[in-house]
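[1] sequence and predicted structure below; questions after.
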Amino acid sequence: MTAVTEARFGARVGGGTGQLAGTGTLLRLALRRDRVMMPVWVAVVALMVVSGVSSIGQLYDTAAKRAELAADMSANGSMRAMYGPVFGDSLGAIVAWRFGGFAAVLAAVMSLMIVVRHTREEEETGRHELLASAVVGRRAPLTAALLAALVANAAVALLITAGLSGQGSAGALALGLAIGGIGMLFAGMAAIMAQLTESARFARGLTAAVLGAAFLLRATGDSASDDGSSVLTWLSPLGWAENARPYADERWWVLALLTAAVVIQLGIGYVLTERRDAGMSFLPTRPGPAEGRIATAAGLAWRLQRGSVVGWGVGFLLAGLVFGGMTEGAADLVGDNEDAREIFERMGGQAGLTDAFLAAMVGMLGMVAALYVVQSVLRLYGEETSGRAEPVLANAVGRLRWASGHLLIAFGGAVLIMLVGGLGLALGYGREFGSVLGASLLQVPAIWTLGALALFLYGVFPRASVAAGWAAAGLALVLGWIGPALDIPQAVMNVSPFGHLPKLPGPEMAWTPVVALTVIAVALAVGGLVGLRRRDMSA
C-alpha cells in the first residue's frame, strides 16, 4: 500500500467531517516522508549549539578570558553585525552569542522547507488532489504541515535545553525556546507564502527573502548599538530572539511577543486557506506564450532559476563585504589566545593570521555555495515529479538538452556567486583583490563535486536524490563549521571535498587535489547524465 493510499484509507476510517478531518493521518504521512530529512536538520541545529560548550570552554577556559572576549566583541561593530551583541561573560552567554543567531536561521530554513513541502508542493504535484478526494478537511493539510514543523522545532528546543542545562536551566530554556520560536515564526511565514504563491519554489524563495531581510535588519541594528536596543534590531524577529538574553537576566516577555507573532501569522495563514480554491493562489503566475529566449530549453531554465541566481549573488556580495570588514579585526578577535589561533589555522591554513582568516571565510562561502548548486541541480527532480518536464520533452527536446539548461545555471551560477562573494570579501578588506578572487574560485571544484554527486543520484537513484544530495551538502557544511573547533581528525574532515583544497590565500598552490576533484566531478556528472538518459522518467 503506497503512502498516498494509506493516507486516503486512514482519512476515510478515522477522519470525521470537520475542517480538521484527516489531520492526524496527514501528520503521520508528513513525518514518515521526512523521517530522514527532519532528524538530520534537528541534529545539525542542536549539535551546533550544544557542541559550543566544549569548543568555547576550551578556547576561553577562565572567567577573565571570557570577560575580555565579551568586552572586545561589544566594541567591535563588525562582529556585532555578524553574531549580535554579547550580553554576558558566562560560558552559557558566550555560547548563546556565538551560535544562537545562526541556529535560529537554520531552524527558520528547516521550518520553511517542511511547511512548503507539505502544503504548496503537495498541491503543485497533484498529490493534494488525491488526498482531498478522501475525507480531508480544508484546514487539515496546513495544520498537519504546521504540526510537523512544531515537532521538529520542539525537538530542537528540547535538545538545546537539555544540552545546555549544565550551564543554567533558565538560560538553556530561554535559548531553546527562542530558537524554536524563530523556527515556528518562519513556519507561519511559509504558511502565508504558500497561499499567496502558485509554486513551491516561489513560496520558499519569498520566505527565504524575508529571512534574509530579517538578518540584514538585525545586523544593521546591532552594528550601530552594542545592547540590542536599535529600532532596526527590534524590527527583525532575529533581533527578538537575541533580546530574550539567555544567560543574561532572561527577558521572558520577549518570548511572549514571539509567541503572539506566531499566533497572528498562523491566523492569517488559515484565513487565506479558506478563501482560495485548492491549487490556486492569490499571486498566480502570469501566463504567456513561449517566445524568444524562453522558447529554448536553456532559456526556460534561466527563466525558472534567474531569481535564485540573483538572490544568492546579492547574499554572497553582502556576506563577503561583512567578512571582509571583519578581517582587519581578526587579530584583535584572537588576541593572545593560542587555542583560537589554532582553530583559525585549522580552518584557513598555517599562513599569517589575516590570511588564515581570509581563507576560512572563503571556505565558508564555498560550503554555503554548495547548497546553491545542490538546490539548482535538484530542480531537475522537481520539474520531473511535478509533470512540468513532460510537455517540454514531448517536443523535439532530448533529455540531455533539457537537463543541460538547468546544469549550466547550476554549475555556472556557482562560479558566478563565488566570484561575487570573493569580490565582496576583497572590497570589504580593501586589498589583495587578485589573491582573494583566486582563492574564491579555488572552491569551485569542491562545489562542483557535491553538485555532480546530486546529479549522479538524480540520474541513477532519483527517489533518494533529494535526501542524499542535501545530506552530503549539509555534512560538508557541518564538518567545515564545527570540525575545526572540535579538532575532528583530518581523516574525517577529508570526507568533505573541501577538506582536500589548499588553504589560500597564503601557502603555495597545490594543483593535484584541484585536478582530482574536477575529474571526480566530471565523472559523477557523466554518470548521472547516462543514468538519466537510460532510466524511466517516472522517478
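    Everything's here; your move. Numbering: from 1, shown residues only.
[2] and stretch 436-451, C-alpha only, in PDB?
    Provided in PDB are the C-alpha atoms of stretch 436-451 (Å, rounded to 0.1, in the frame of the first residue of the first chain):
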ATOM      1  CA  VAL A 436      41.100  36.700  -2.700                       C
ATOM      2  CA  LEU A 437      39.300  36.200  -6.000                       C
ATOM      3  CA  GLY A 438      41.700  33.300  -6.900                       C
ATOM      4  CA  ALA A 439      41.000  31.700  -3.500                       C
ATOM      5  CA  SER A 440      37.300  32.100  -4.100                       C
ATOM      6  CA  LEU A 441      37.500  30.300  -7.500                       C
ATOM      7  CA  LEU A 442      39.600  27.600  -5.900                       C
ATOM      8  CA  GLN A 443      36.400  26.400  -4.100                       C
ATOM      9  CA  VAL A 444      34.600  25.700  -7.300                       C
ATOM     10  CA  PRO A 445      35.900  22.100  -7.800                       C
ATOM     11  CA  ALA A 446      34.700  21.100  -4.400                       C
ATOM     12  CA  ILE A 447      31.300  22.800  -5.000                       C
ATOM     13  CA  TRP A 448      31.000  21.100  -8.400                       C
ATOM     14  CA  THR A 449      31.800  17.700  -6.800                       C
ATOM     15  CA  LEU A 450      28.800  18.000  -4.500                       C
ATOM     16  CA  GLY A 451      26.600  19.300  -7.300                       C
END
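[3] please compute how far that stretch lies from its chain's middle.
    Distance of stretch 436-451 from its chain centroid, counting by CA atoms, centre = their mean, to the nearest Å, is 19 Å.
[4] any buried residues in that stretch, and which?
    Within stretch 436-451, the residues that count as buried by 16 or more other CB atoms under 10 Å are 436-437, 439-451. Quick note: C-beta positions are derived from backbone N, CA and C, even for glycine.
[5] Ala524 against Gly459, yeah?
    That one is not Ala; residue 524 is Leu. No: using CB atoms under 8 Å, Leu524 is not in contact with Gly459, being 9.4 Å away.
[6] if you count neighbours, what's buried in whichever helix or strand Leu255 is part of?
    Using DSSP states H and E, the element containing Leu255 is helix 252-274. Going by neighbour count (16+ other CB under 10 Å), the buried part of helix 252-274 is 254-255, 257-258, 261-262, 265-266, 269-270, 272-273.
[7] a markdown table for these, including distance to Phe215 and pLDDT?
    Formatted as a markdown table, the buried residues of helix 252-274 follow (distance: CB to CB, whole Å; pLDDT from 0 to 100):
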| residue | distance to Phe215 | pLDDT |
| --- | --- | --- |
| Val254 | 18 | 92 |
| Leu255 | 20 | 93 |
| Leu257 | 19 | 92 |
| Leu258 | 16 | 93 |
| Ala261 | 17 | 93 |
| Val262 | 19 | 93 |
| Gln265 | 18 | 91 |
| Leu266 | 23 | 91 |
| Gly269 | 22 | 87 |
| Tyr270 | 27 | 88 |
| Leu272 | 25 | 87 |
| Thr273 | 28 | 82 |
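[8] closest to Gly166 among the residues you listed?
    Leu255 (21.6 Å; CB to CB).
[9] which residues does that closest one contact?
    Leu255 sits next to 174, 177-178, 181, 244 when contact means CB atoms under 8 Å, 6 or more residues apart in numbering.
[10] could you rerun that using 7 Å?
    Residues near Leu255 by CB atoms under 7 Å, 6 or more residues apart in numbering: 177-178, 181, 244.
[11] the closest residue to Ser169 other than its chain neighbours and Leu450, how far apart?
    Residue nearest to Ser169 in three dimensions, not counting chain neighbours: Thr161, with 7.7 Å by CB to CB, 6 or more residues apart in numbering. Using CB to CB, to the nearest Å, we find Thr161 at a distance of 33 Å from Leu450.
[12] circling back: neighbour count and secondary structure for the contacts of Leu255 - can I get that in JSON lines?
    Formatted as JSON lines, these follow (neighbours: other CB atoms under 10 Å; DSSP: H, G, I helix; E, B strand; the rest coil):
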{"residue": "Leu177", "neighbour count": "23", "secondary structure": "helix"}
{"residue": "Ala178", "neighbour count": "31", "secondary structure": "helix"}
{"residue": "Gly181", "neighbour count": "26", "secondary structure": "helix"}
{"residue": "Ala244", "neighbour count": "26", "secondary structure": "coil"}
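[13] any idea which of those residues is closest to Phe215?
    Ala178 (15.2 Å).
[14] surely the closest one is in contact with Gly239?
    No: using CB atoms under 7 Å, Ala178 makes no contact with Gly239, being 11.1 Å away.
[15] now list whatever residues contact both of those two.
    With CB under 7 Å, 6+ apart, Ala178 and Gly239 have no common neighbours.
[16] how about the nearest residue to Ala149 once chain neighbours are set aside, what does it touch?
    Using CB to CB, 6+ apart and skipping the chain neighbours, the partner closest in space to Ala149 is Ala187 (3.9 Å). Contacts for Ala187 were tallied using CB under 7 Å, 6+ apart; they are 111-112, 115, 146, 149.
[17] between the buried residues of helix 252-274, which is closest to Arg303?
    Nearest to Arg303 among the buried residues of helix 252-274 is Leu272, at 27.0 Å by CB to CB.
[18] look up how far Leu266 lies from the closest one.
    On the measure of CB to CB, Leu272 and Leu266 end up 11 Å apart.
[19] again, but for Arg275
    On the measure of CB to CB, Arg275 and Leu266 end up 15 Å apart.
[20] what does Leu437 give?
    In terms of CB to CB, Leu437 sits 46 Å off from Leu266.
[21] quick one: the helices in the stretch 351-500 of the chain?
    353-377, 379-385, 389-393, 399-429, 433-442, 444-460, 462-486, 490-493 (DSSP state H, counting those that start in this stretch).
[22] now the ones you listed as JSON lines including distance to Gly528 and mean pLDDT?
    As requested, the helices of the stretch 351-500 of the chain are exported to JSON lines (distance: least, CB to CB, whole Å; pLDDT from 0 to 100):
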{"stretch": "helix 353-377", "distance to Gly528": "9", "mean pLDDT": "83"}
{"stretch": "helix 379-385", "distance to Gly528": "10", "mean pLDDT": "82"}
{"stretch": "helix 389-393", "distance to Gly528": "16", "mean pLDDT": "75"}
{"stretch": "helix 399-429", "distance to Gly528": "9", "mean pLDDT": "88"}
{"stretch": "helix 433-442", "distance to Gly528": "24", "mean pLDDT": "85"}
{"stretch": "helix 444-460", "distance to Gly528": "3", "mean pLDDT": "93"}
{"stretch": "helix 462-486", "distance to Gly528": "9", "mean pLDDT": "78"}
{"stretch": "helix 490-493", "distance to Gly528": "26", "mean pLDDT": "76"}
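[23] any chance of the ones you listed in a markdown table, with distance to Arg534 too?
    What follows is the helices of the stretch 351-500 of the chain, written out as a markdown table (distance: least, CB to CB, whole Å):
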| stretch | distance to Arg534 |
| --- | --- |
| helix 353-377 | 18 |
| helix 379-385 | 15 |
| helix 389-393 | 15 |
| helix 399-429 | 10 |
| helix 433-442 | 34 |
| helix 444-460 | 9 |
| helix 462-486 | 12 |
| helix 490-493 | 35 |
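[24] please identify the deepest-packed of those.
    helix 444-460 (a mean of 27; mean count of other CB atoms under 10 Å).
[25] give me the helices and strands touching that helix, please.
    For helix 444-460, the elements it packs on are helix 353-377, helix 399-429, helix 462-486, helix 511-534, judged by 3 or more CB pairs under 7 Å, 6 or more residues apart in numbering; DSSP states H and E.
[26] contact partners of the third one?
    Translated: helix 462-486. 36-37, 40, 44, 48, 51, 54-55, 343, 346-347, 363-364, 367, 370-371, 374, 378, 381, 450, 453-454, 457-458, 488, 493, 495-498, 539.
[27] does Gln443 touch Met367 like I think?
    No: judged on CB under 7 Å, Gln443 makes no contact with Met367 at a distance of 8.1 Å.
[28] identify the contacts common to the two.
    Between them, Gln443 and Met367 share no contacting residue, judged by CB under 7 Å, 6+ apart.
[29] tally of neighbours for Ala149?
    Residues lying near Ala149 (other CB atoms under 10 Å) number 28.
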